[in-house]
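> model the following, please.
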Amino acid sequence: MFEDETPIAWTAMPRHAPVMAVDGSQIGTADSVLGDQEEDIFHGLVVKRHDGQLVEVTAARVKKMTANHVLTDLDPAEAGALAPYRRG
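Numbers count the residues shown, from 1 in each chain. Below is the predicted model:
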């Protein structure tokens with residue numbers, strides 16, 4: 001799924017890109033990227049779910065970013081159980 005899409009750098013990921021579970025279902029949309037641009041360290045994403053809640057997806061769970069999608073290794077149940085994001 002999405003194999004034909006070209007990967008992009010985390011710093012180039014478009015805001016509001018659809019964030020996808022491993023089965024191809026949409027978890028939500030990317031709200032913001034968590035990272036240190038000066039050190040080029042990607043920490044994860046803040047994702048806005050369909051219910052409007054902001055949750056964090058850690059970098060370890062993000063498998064591919066393209067200009068069209070963010071692909072994770074989360075299954076739908078894991079995605080639904082993500083803890084709310086707390087700005088910190």
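> now do Asp40, the pLDDT please.
At Asp40, the pLDDT value in this model is 91.
> kindly apply the preceding question to Phe2 instead.
Per-residue pLDDT puts Phe2 at 72.
> likewise for Met13?
For Met13, the predicted pLDDT is 88.
> which non-adjacent residue is nearest it?
Excluding its sequence neighbours, the residue lying closest to Met13 (C-beta to C-beta, 6 or more residues apart in numbering) is Met65, at 4.8 Å. (Glycine included, C-beta is placed from N, CA and C.)
> just the strands from this protein, written as ranges.
Ranges of strands within the chain are 18-20, 26-36, 41-49, 54-58, 62-65, 70-72, based on DSSP state E.
> contacting residues around the spatially closest residue to Val47 that is not a sequence neighbour?
Residue nearest to Val47 in three dimensions, not counting chain neighbours: Gly28, with 4.5 Å by C-beta to C-beta, 6+ apart. Neighbouring residues of Gly28 by C-beta atoms under 8 Å, 6 or more residues apart in numbering: Pro18, Val19, Val47, Lys48, Arg49, His50, Val55.
> ok, the fifth one touching Gln26?
Looking back up the chat, that one is Arg49. No. If you go by C-beta atoms under 8 Å, Arg49 and Gln26 don't touch, sitting 9.5 Å apart.
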